[in-house]
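1. Quick one: sequence plus predicted model below, questions after.
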Amino acid sequence: MKATIKVDAERIIGRVDPLIFGHFIEHLGRCVYGGVLDERGEYRQELIEAMRRIRPSILRWPGGCFADGYHWRDGVGPRDRRPIRVNLAWHNADESNRFGTDEFVAYCRRIGAEPYICANVGSGTPEEAAAWVEYCNGTGDTAYAKMRRDNGSERPFGVRYWGIGNEIDETEHVNEIGCLSAEDYARAVREYAKLMRRVSPDIRLVAVGSNRGEVDWNLTVLEKAGAWIDYIAQHGYYGTDDHYSTVAGPMYVEKRIRMLHAAVELAGFTTGLERQIPVAFDEWNIWYRSRSDTEQRFEEVYELKDALFVAGTFNSLQRMCGIVKMANLAQMVNALGMIHVDADGMVLSPLYHAFDLYANHTGSTVFDTFTLSDTFDTHDRGGPRGLGPLTGVPYLDASATMREEGSRALCLAVVNRHQDEPIECQIRLDGFSVGDSAPVFELTGSGPGARNTPQEPEAVSVKARPPIRPGATFVHTFAPRSATVLEIPIAGQGGRAP
Ligand code: AHR
């Protein structure tokens, strides 16, 4: 099979926001207790080191659905005096509150991520959220700032990113607490934003976009509360047992984000709000509900095809850099986790390695990329948030970014979705002064279902391949079921953002 990719140095479309390399931890199953914290309640050092290697930009917490039943005061102060509560969202284990705000912020610092806290709208109040902001960011003598200092943190935490509730639109959602109508939620957003900003004016607020993709919800929230928010959220879970349906998943991601952005544009037009409200894709992943256990631990075993979904999603997010400014994989460890840990050790799933490929081998200035390849159709719904069968999905999917730090390189990220065939691709780079030798990094495995296990932990991982000799026009063959980055050295100014 043959294909073509063309990149033009003059066709810069924007810059990638580093916050797209974000993660999420929730008090769900063994994510926090047994994941972030080991069996003795200590930070799991090898997990911290693994996270640092993929440079997480932001970490969302405490949920998810858990957030709308969580009262932050339960999780601060001496740990042995914190109350044990029923986990109202995920009733699989009691909540010890051993991991609370101070521990979360400390954890973010250890892994090098910005903290992003989701406030409780479902069963909380604007005052409670404002008090939480004060606890984190307050500098004066007020009660909650003092409480933080009394708990051992003299300096404010400086938590900049705050969510106003989670998936609160979904009335049928069995785990979500306190669902609201769009009108009521928009009113809540205004109240939350007003009080939270009164305490800490520079915070950035994320409002709930419809989890079901309901246009009416999005328009109402954007029209009535758009002026108070900095991001509108979207969540998306995809994946089926079928290889092609799963690797085509980024088509749904892209379509649903573009639809939400259309609502942003429309609401901007009707309200006269000139400022753009970017999308925070703050929960996304593959979720094989059918395979998850009944105790709601959701410990999925991810495969190569799921990593190709992640790679394709990064291509989409890079191409949509003008409208998506944050994304958080749901979740980091154990529950829907890209990393699996237990008392015996740690396994980095194929998803982790897709993060490694994109976080460590792509750049920030994005170029329009023309890709021409054969296509395929899919035949099922495409997972929980899939939009049904797809036609005309290209086998080859590409994104081009310029890495400016260190030596300049045009990072051409290419996913070959074909299950068994290599694709011989003619690559044309217009207006770049291309260097001699380009490192190649490839993520693939023995079959679409290839997995990492304790016995074979690197069955699916990023491997350096022999460097290639690129040119203004050259041919590269992409392996079947693979994600590859060609780091093409660029001399001079070509392709530099104005
Ligand atoms: O990530 C697991 C759950 O999925 C989250 O709590 C919720 O927001 C979503 O439905």
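-> Structure received.
2. ok, and the closest non-adjacent residue to the closest residue to the ligand within the stretch 1-150 of the chain?
-> The nearest approach of the stretch 1-150 of the chain to the ligand comes at residue 64, 2.7 Å away (C-beta to the nearest ligand atom). Every residue, glycine included, has its C-beta placed from N, CA and C. Nearest non-adjacent residue to residue 64, counting by C-beta to C-beta, 6 or more residues apart in numbering: residue 26, 3.8 Å away.
3. so the residue in the stretch 151-300 of the chain that the ligand sits nearest to, which of the three states?
-> Nearest to the ligand, among the residues of the stretch 151-300 of the chain, is residue 167, at 4.5 Å (C-beta to the nearest ligand atom). Secondary structure for residue 167, judged by DSSP: H, G, I helix; E, B strand; the rest coil, is coil.
4. ok, it touching residue 173?
-> Yes. Taking C-beta atoms under 8 Å as the definition, residue 167 is a contact partner of residue 173 at 6.1 Å.
5. now residue 266, what's its secondary structure?
-> helix.
6. Look up the residues forming beta bridges with the spatially most central residue of the chain.
-> In the chain, the C-alpha nearest the mean C-alpha coordinate belongs to residue 328, at 2.2 Å (C-alpha atoms, centre = their mean). Listed by DSSP bridges, the beta-bridge partners for residue 328 are residue 22.
7. State the pLDDT value of it.
-> We have a pLDDT of 98 for residue 328.
8. who touches it in this structure?
-> When contacts are counted by C-beta atoms under 8 Å, 6 or more residues apart in numbering, residue 328 touches 22, 23, 24, 58, 59, 60, 116, 280, 281, 282, 283, 284.
9. For the stretch 201-350 of the chain, which residues are neighbours of the ligand?
-> The stretch 201-350 of the chain comes close to the ligand at residues 283, 330, 331, 336, as judged by C-beta under 6 Å from any ligand atom.
10. Mind doing that once more with 5 Å?
-> residue 330 (C-beta under 5 Å from any ligand atom).
11. all helices of the stretch 201-350 of the chain, in order?
-> Assigned by DSSP state H, counting those that start in this stretch, the helices in the stretch 201-350 of the chain fall at 215-225, 243-247, 249-271, 304-319, 350-361.
12. do the stretch 1-150 of the chain as well
-> Along the stretch 1-150 of the chain, counting by DSSP H, counting those that start in this stretch, helices occupy 45-53, 101-111, 126-137, 143-150.
13. chain center to the third one: distance?
-> The offset between the C-alpha centroid of helix 126-137 and the centroid of the whole chain comes to 25 Å, using C-alpha atoms, centre = their mean, to the nearest Å.
14. Likewise for the second one?
-> For helix 101-111, the gap between its own C-alpha mean and the chain's C-alpha mean amounts to 18 Å (C-alpha atoms, centre = their mean).
15. Let me know the distance separating the residue nearest to residue 64 from residue 200.
-> 24 Å (C-beta to C-beta, to the nearest Å).
16. what mean pLDDT does the helix or strand hosting residue 192 have?
-> Per DSSP states H and E: residue 192 is located in helix 182-199. For helix 182-199, mean pLDDT rounds to 98.
17. Can you give me the buried ones in that helix?
-> 182, 185-186, 188-193, 195-197, 199 (16 or more other C-beta atoms under 10 Å).
18. what's the answer for stretch 401-419, then?
-> 401-403, 408-419.
19. Just the endpoints, please. Distance across that stretch?
-> This stretch, stretch 401-419, spans 26 Å end to end (C-alpha to C-alpha, to the nearest Å).
20. The chain should start at 271 in everything you say after this.
-> OK, 271 is where the count begins now, so the last one is stretch 671-689.
21. ok now it, how far from the chain's centre?
-> In terms of C-alpha atoms, centre = their mean, the centre of stretch 671-689 is set 19 Å apart from its chain centre.
22. And the residue in the stretch 521-670 of the chain that the ligand sits nearest to, how far from residue 609?
-> Across the stretch 521-670 of the chain, no residue is closer to the ligand than residue 600, which sits at 4.0 Å (C-beta to the nearest ligand atom). Here residue 600 is placed at a distance of 13 Å from residue 609 (C-beta to C-beta).
23. Those two - which one has more neighbours?
-> More crowded of residue 600 and residue 609, by other C-beta atoms under 10 Å: residue 600, with 28 against 23.
24. Show me what the nearest residue to the more buried one once chain neighbours are set aside is bridged to.
-> Distances taken as C-beta to C-beta, 6+ apart put residue 553 closest to residue 600, at 3.9 Å, once the chain neighbours are dropped. Beta-bridge partners for residue 553, by DSSP bridges, are residue 505.
25. Burial check on residue 553, number of neighbours?
-> Neighbourhood size, residue 553 [other C-beta under 10 Å]: 25.
26. Show the end-to-end separation of stretch 422-442, please.
-> Separation of the first and last residues of stretch 422-442 by C-alpha to C-alpha is 42 Å.
27. So which of the helices of the stretch 271-420 of the chain is the most surrounded?
-> Highest mean neighbour count among the helices of the stretch 271-420 of the chain (mean count of other C-beta atoms under 10 Å): helix 396-407, with a mean of 22.
28. Export that helix to CSV, keeping only CA atoms.
-> Provided in CSV are the C-alpha atoms of helix 396-407 (Å, rounded to 0.1, in the frame of the first residue of the first chain):
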residue,chain,number,x,y,z
PRO,A,396,-20.0,27.9,46.2
GLU,A,397,-18.9,28.9,49.7
GLU,A,398,-17.3,25.5,50.2
ALA,A,399,-15.5,25.8,46.9
ALA,A,400,-14.3,29.4,47.6
ALA,A,401,-13.0,28.2,51.0
TRP,A,402,-11.1,25.4,49.2
VAL,A,403,-9.5,28.0,46.9
GLU,A,404,-8.6,30.1,50.0
TYR,A,405,-7.1,27.0,51.7
CYS,A,406,-4.9,26.4,48.6
ASN,A,407,-4.1,30.0,47.5
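29. What are the contacting residues of it?
-> 341-343, 346, 371, 375, 387, 389-391, 412-415, 417-418, 426-429, 432, 434, 458, 461-462, 464-466, 468-470, 473.
30. cool, stretch 541-552 as well?
-> Here stretch 541-552 has contacts from 287, 290, 292, 294, 330, 386, 433, 476, 479, 492-493, 496-497, 499-506, 523, 527, 530-531, 534, 537-538, 587, 593-598, using C-beta under 8 Å, 6+ apart.
31. let's see 7 Å
-> 330, 476, 492-493, 496-497, 499, 501-504, 506, 527, 530-531, 534, 538, 593-598 (C-beta atoms under 7 Å, 6 or more residues apart in numbering).
32. rewinding a little: okay, residue 296 and residue 470: which has more neighbours?
-> residue 296 (26 against 19).
33. wait, doesn't that one sit right on residue 338?
-> No. Residue 296 is beyond contact range of residue 338, at 11.4 Å (criterion: C-beta atoms under 7 Å).
34. that older thread, quick one, what contacts the residue of the stretch 521-670 of the chain closest to the ligand?
-> 294, 553, 554, 555, 606.
35. Kindly provide the distance from it to residue 477.
-> In terms of C-beta to C-beta, residue 600 sits 18 Å off from residue 477.
36. And for residue 604?
-> Taking C-beta to C-beta, one finds residue 604 at 29 Å from residue 477.
37. And the closest residue to residue 677 other than its chain neighbours, which helix or strand is it part of?
-> Distances taken as C-beta to C-beta, 6+ apart place residue 759 nearest to residue 677, at 6.2 Å, with adjacent residues excluded. Following DSSP H and E, one finds residue 759 within strand 752-761.
38. Just want the angle from that strand to helix 574-589.
-> For strand 752-761 against helix 574-589, the angle by axes from the mean of the first three to the mean of the last three C-alpha atoms, to 10 degrees is 40 degrees.
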